[in-house]
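In: Need coordinates for the following:
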Amino acid sequence: MTRCVEDSAIILEAIADHGADAGKGRGRFLRGLRRGVQGLRIGIPKQYFFDRIRPDVRRLVMDAISCLEDSGAKLIEIDLPGMKETAELAAEITVAEALVYHWKWLRSRPGDYGDDLRTRMMERLEMPAVTYLRYQARRRAYAERLLRAMGVCDVIAGPTIPMPACFIQDTEVAFGRSRESVRNALLRLTRPANLAGLPAISVPCGFSRRDCPSGSS
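Out: Numbers count the residues shown, from 1 in each chain. Take a look at the predicted model:
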């Protein structure tokens, strides 16, 4: 969405500069960039984020992390419990919330939706409110665990997606001997921050052998 991290900081300044405290912290994000990464504690997940990714993506991401270490950042291995439940939580919560927005059109104009999205939403038309609230309670508990795990670091670094950018006609991607749908692969590593309500950024970190870009977050 922006050409570089500095441009992202400028956009963040505009987003954050509102409300009762508007103007009081102006420029803080850009000032933070100019300080560099000296002394920054970067958490490297021991599990999940690097469990099932393409070797070329792992190499590119670790090279990018090494650049941060060479610039003065401190790398810390961290345990991140509960990552595997993020797929279920995201699927149930986001579809339920999408139903609220699309309720009228889904019933009156179902043909305007793609088969995949329409099917996912129609399957949850009768979801009880108590089920949604229980998923939200689990999400809050997960977010609290993640924040506690991050107590030893300032940020977490890892791959944004487990493979390089794929082609539009691709429906599956291979990880060793196993295969996974492209949709699941694209979402698997971005759900944890989204569910916890944490800020995240994806930074290009190189190209695969097919000249497709990879990103670290």
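In: Show me the domain layout of the protein.
Out: Per automatic domain parsing, the structural domains of the chain span 1-35, 37-216.
In: If you average pLDDT over each of those domains, which is lowest?
Out: When those are compared on mean pLDDT, domain 1-35 scores lowest, with a mean of 78.
In: Please name the nearest non-neighbouring residue to Leu147.
Out: Closest residue in space to Leu147, ignoring its immediate chain neighbours: Ala196 at 7.1 Å, by Cβ to Cβ, 6 or more residues apart in numbering. Yep, even glycine has a C-beta here, placed from its N, CA and C like the rest.
In: er, Gly176 actually
Out: In space, Gly176 is closest to Arg52, 8.0 Å off (Cβ to Cβ, 6+ apart).
In: repeat for Phe50
Out: Per Cβ to Cβ, 6+ apart, closest to Phe50 is Arg58, 6.3 Å.
In: Also Leu99?
Out: Excluding the flanking residues, the one nearest Leu99 by Cβ to Cβ, 6+ apart is Met121, at 5.5 Å.
In: Phi first, then psi, for the residue nearest to Asp112 when sequence neighbours are not counted.
Out: Closest residue to Asp112 apart from its sequence neighbours, by Cβ to Cβ, 6+ apart: Trp105 at 6.7 Å. Trp105 adopts backbone torsions of phi -70, psi -30, taken as degrees, to the nearest 10.
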